[in-house]
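Asker: how would this look folded up:
(3 chains)
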Amino acid sequence: MTDPFALDDGFAPPPPPAGPSPDQLLAGLNPEQAEAVRTTEGAVLVLSGAGTGKTKVLTTRLAYLLAGNFAQPWQILSVTFTNRAAREMRERVGAIIGEAAASSTVLGTFHALGARMLRRDGTRIGLPRDFTILDADDQLRLVKQVSAGQDIDTKRWPPQALLAVLQRWKDRGVGPDQVGADPGAEYAGGRAVAIYRAYQGELARLNACDFGDLLLKCLELFREAPDVLASYQRRFRYIMVDEYQDTNVAQGLWLRALSKGSGNLCCVGDDDQSIYSWRGAEVGNILRFTEDFPGAKVVRLETNYRSTGHILAAAAHLIAQNADRLGKTLRPASGEWGEKVCVRGVWTGEDEARVVVEAAETLQRKKVPLAEIAVLVRAGYQTRAFEERLMAQGVPYRVVGGPRFYERQEIRDAVAYLRLISQPADDLAFERIVNLPRRGIGDATVDLVRQEARATNVPMTVAAAEMIAAGDLPTRARTCLAKFLEELADWRTLAAGADPRTLLDDVLEGSGYLEMWRRDKAPDAPGRVENLKELLAAMDEFGDLQEFLEYVALVMENQSGDEVDRLSVMTLHAAKGLEFDHVFLPGWEDGLFPNQRSLDESGTKGLEEERRLAHVGLTRARKGATVSFAAARRIYGQWQNNMPSRFIDDLPDEHIERFSEAGMGGGVAARPASLETRPMFEPRATAAMADEPGYKRGQRVFHDKFGYGEIRAVDGNKLEIAFDKAGLKKVLSRFIAAA
DNA sequence: CTCGGCAGAATTTTT
DNA sequence: TTCTGCCGAG
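Answerer: Numbers count the residues shown, from 1 in each chain, chains lettered A, B, ... in the order given. You can find the predicted model right below:
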């Protein structure tokens, strides 16, 4: 494999391309943006509110560094979170300074850059160059296996939750030996650490890294091989980071280590858009920037070029209710007030979907393209009601944020074949496809092979071959397995000579995998065949299987290529960074948004993050925003009554206009702000009770399904309850009402 | 080994 | 309501 950072120090620098001069670049910016670009030396925090030209600053700054000859392209490191952001930045920089210079600048996501460093120097910490990158699904399988091996009761400690604990540790840069008294150390009766250690052991055995490792192992590399770190520090004279508010501790340390040489670190972010703390993002990174980097300069971008006045004023007033923020106020660039934020109350969730879709159609008649309209929901399941309504009305739409290309089952299967071919130690890949399509190799056989593999400390493919030779297996299993191993050997031979595409083509046809989907009568089967074709087509660009596997794991995205004008439906999280002429923000009801569970688990911090989410939602809108709430909706087949979201009280009256369905009007429109807990209906004595009562041991409660019972134990929002009829159960408090 | 039926649970997810 | 994961029968 070629050196992933091929252009190194000492290369004869080509002259900077003819492009705009530094002064010309600055001329296109407002004073605060220019300040951010001009401040090239030292640590800089650019606090960039929604719609204030963050990407413009980043790209212009990169161009400025090159045009002013501050550094060569490969001496500037730019880091983003998403591939989308990386791509966009590369394109925009290319447009300013030309493709050539743009393509030799080092730009990528944290994970892709980490992977490159590890491919190059990971051997210094015992990581082979050809390690595979595991995704969420593989990680979960691994945790399950490890849990089973450690006799963990998976009912009490679900693998999902254990994995989350492990990931939080990795996010914080904490290895198995450094856990100590870290949060989560007590999880699973204190056995989470042992699981973590075993899990890392398994990764090593499999020759694999998970996403977290791509950063964590870089930190280890920097510690263990100071010369490697020093060479990166020398090389990267300027570092720029996007979405700094979303960085976790490990990423913060990574940046800090790399920027230590030059001290030139420019972080761009917005604490008011920090919405990923539950995933390990550390808002503290941005809040404490000036402490972490003494002497750092802070530049605030507060001129908003996106939204009209009322929308901006409403959003600003809302976010001002948060205590935990650096504080900035967005000012509209244009003096236009535009339309007030519309707040609409309806009776039911179905009504809400109907009203929203009607409004969208009205906009469409006013010549607003559907692509400029979005419905932004709090939780994924809310999209359904809108999809149904949109479908019924024949309005073209798209749901953004479904499974990524790589996460699709058929793609992961195909990739598992390739992984197993290129990396015989990849037992996870082996287990995934050994009986897919059906080859008569069932769980029992696989279990035997796994045990043998563990016992003799070899990969499962090797163990399988040995067991066949030794005649250790039932005849049927033995023939089936032998046949599969033969196929595998053939593919390995082919892999040595043929290009990746030919190889995969042969695998998919020869294994019968493609045939399996062709024969499948499920409605989504043809789509899967299409996806596999797309995967094949994508392989043409790669001469090296290794390279392709990395691309698929880290970068490859869904082919969106449709030109149809469609309305977008997505979660608020997925909407960050996007903008639309008009956004609909349904489901603003206490319990749903702010989400009850977030409140239960994280209290005020949770509430503030929910409010930031609301702020993100509002600031996506250029010209129109419509907030709505339903008095009652069916959730999981149960009717629930809800109160309007407390966030609606955070919207100032002078910037909103209230509408309500007949019969609802009085109570809602005239609702005094102080009566924020007054329900529109008398709530029934069910799980819908809004305020979370403080549950105590011995208390009598009622559950819709299990009836009456008595609380035996309280664990956060989970209650252990002895039901009179149904016996001892663990349930979430939200499904419980006081009896 | 495979398939069908039932119990049990149910945010957000850039890599 | 809808999905997943487990268990027992063929």
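Asker: residue of the stretch 401-550 of chain A nearest DNA strand B, please.
Answerer: Per Cβ to the nearest atom of the strand, A:Gly442 is where the stretch 401-550 of chain A lies closest to DNA strand B, at 1.7 Å. Backbone N, C-alpha and C define where each C-beta goes, glycine included.
Asker: just give the closest residue to that residue, not the sequence neighbours.
Answerer: Closest residue to A:Gly442 apart from its sequence neighbours, by Cβ to Cβ, 6 or more residues apart in numbering: A:Asn435 at 6.7 Å.
Asker: again, but for A:Arg354
Answerer: Here the residue nearest A:Arg354, using Cβ to Cβ, 6+ apart, is A:Arg389, at 6.0 Å.
Asker: since we're on the one you found, how many residues are nearby?
Answerer: Neighbours of A:Arg389 under the rule other Cβ atoms under 10 Å: 21.
Asker: let me see the contact set for it.
Answerer: A:Glu350, A:Ala353, A:Arg354, A:Val356, A:Val357 (Cβ atoms under 8 Å, 6 or more residues apart in numbering).
Asker: could you redo the last one with a cut-off of 6 Å?
Answerer: A:Ala353, A:Arg354, A:Val357 (Cβ atoms under 6 Å, 6 or more residues apart in numbering).
Asker: okay, it: pLDDT?
Answerer: Note on A:Arg389: pLDDT of 93.
Asker: can you give me the distance of it to DNA strand C?
Answerer: For A:Arg389, the distance to DNA strand C equals 14 Å [Cβ to the nearest atom of the strand, to the nearest Å].
Asker: quick one on the thing from earlier: by neighbours, which of the contacts of A:Arg389 wins?
Answerer: Busiest of the contacts of A:Arg389 [other Cβ under 10 Å] is A:Ala353, holding 26 neighbours.
Asker: dump the residue contacts of that one.
Answerer: A:Ala385, A:Phe386, A:Arg389.
Asker: was I right to think the first one contacts A:Asp351?
Answerer: No - the pair A:Ala385 / A:Asp351 is not scored as a contact, 10.0 Å apart, by Cβ atoms under 6 Å.
Asker: okay, those two: which has more neighbours?
Answerer: A:Ala385 (25 against 19).
Asker: please report the distance of the more buried one from DNA strand B.
Answerer: Counting by Cβ to the nearest atom of the strand, the separation of A:Ala385 from DNA strand B is 14 Å.
Asker: ok, which residues in chain A are in contact with DNA strand C?
Answerer: A:Thr154, A:Tyr636, A:Gly637 (Cβ under 7 Å from any atom of the strand).
Asker: contacts with DNA strand B among the residues you listed, please.
Answerer: Okay, of the residues of chain A next to DNA strand C touching DNA strand B (Cβ under 7 Å from any atom of the strand), that's A:Tyr636, A:Gly637.
Asker: related to what we said a few turns ago, for the residue nearest to A:Arg354, which three-state class applies?
Answerer: Three-state call for A:Arg389 (DSSP: H, G, I helix; E, B strand; the rest coil): helix.
Asker: and it, how far from DNA strand B?
Answerer: As defined by Cβ to the nearest atom of the strand, A:Arg389 lies at a distance of 19 Å from DNA strand B.
Asker: tell me how far the strand or helix carrying A:Leu613 is from the chain's mean position?
Answerer: Assigned by DSSP states H and E, A:Leu613 belongs to helix A:596-618. From the chain centre to the centre of helix A:596-618 is a distance of 17 Å (Cα atoms, centre = their mean, to the nearest Å).
Asker: for A:Met240, helix, strand, or coil?
Answerer: A:Met240 - assigned by three-state DSSP - is strand.
Asker: got the contact list for it?
Answerer: By Cβ under 6 Å, 6+ apart, A:Met240 lies in contact with A:Ser78, A:Cys266.
Asker: ok, A:Gly149 next?
Answerer: Counting by Cβ under 6 Å, 6+ apart, A:Gly149 has no contacts.
Asker: distance of it from DNA strand C?
Answerer: Applying Cβ to the nearest atom of the strand to A:Gly149 and DNA strand C gives a distance of 15 Å.
Asker: domains for chain A, by residue range?
Answerer: A:22-122+A:215-301, A:134-206, A:309-403+A:565-669, A:409-554, A:700-738 (automatic domain parsing).
Asker: doesn't A:Arg438 fall inside a helix?
Answerer: No - if the criterion is three-state DSSP, then A:Arg438 is coil and not within a helix.
Asker: just give me the neighbour total for it.
Answerer: 10.
Asker: with A:Pro294 instead?
Answerer: Neighbour number of A:Pro294 under other Cβ under 10 Å is 7.
Asker: so it, which state does it fall into?
Answerer: Look at A:Pro294: counting by three-state DSSP, its state is coil.
Asker: per-residue confidence at it?
Answerer: At A:Pro294, pLDDT is 93.
Asker: ditto for A:Arg325
Answerer: Looking at A:Arg325, the pLDDT reads 90.
Asker: what about whichever residue of chain A sits closest to DNA strand C, how many neighbours?
Answerer: Closest to DNA strand C within chain A is A:Gly637: 2.9 Å, counting by Cβ to the nearest atom of the strand. A:Gly637: 5 surrounding residues under other Cβ under 10 Å.
Asker: that one and A:Tyr381, how far apart?
Answerer: Remark: distance between A:Gly637 and A:Tyr381 (Cβ to Cβ, to the nearest Å) = 12 Å.
Asker: shaky segments in chain A?
Answerer: A:1-18, A:559-562, A:662-663, A:665-710, A:712-739 (pLDDT under 70).
Asker: tell me which parts of the stretch 1-150 of chain A are close to DNA strand B?
Answerer: Checking the stretch 1-150 of chain A against DNA strand B by Cβ under 7 Å from any atom of the strand, the hits are A:Phe81, A:Thr82, A:Asn83, A:Arg84, A:Ala85, A:Thr109, A:His111, A:Ala112, A:Ala136.
Asker: for the third one, list the residues it contacts.
Answerer: Residues counted as contacts of A:Asn83 (Cβ under 6 Å, 6+ apart) are A:Val555.
Asker: against A:Leu554, how distant is it?
Answerer: Separation of A:Asn83 from A:Leu554 (Cβ to Cβ) stands at 8 Å.
Asker: the fifth one now?
Answerer: Distance from A:Ala85 to A:Leu554, counting by Cβ to Cβ: 14 Å.
Asker: same check on the last one?
Answerer: Relative to A:Leu554, A:Ala136 is positioned 13 Å away (Cβ to Cβ).
Asker: for DNA strand B, what's its nearest residue on the stretch 101-250 of chain A.
Answerer: A:Asp246 (3.1 Å).
Asker: hang on, isn't that residue packed against A:Ala281?
Answerer: Yes - between A:Asp246 and A:Ala281 there is a contact under Cβ under 6 Å: 4.6 Å.
Asker: neighbour count winner among the two?
Answerer: Of the pair A:Asp246 and A:Ala281, A:Asp246 is the one with more neighbours under other Cβ under 10 Å, namely 26 against 23.
Asker: enumerate every residue touching the more buried one.
Answerer: By Cβ under 6 Å, 6+ apart, the neighbours of A:Asp246 are A:Phe81, A:Tyr276, A:Ala281.
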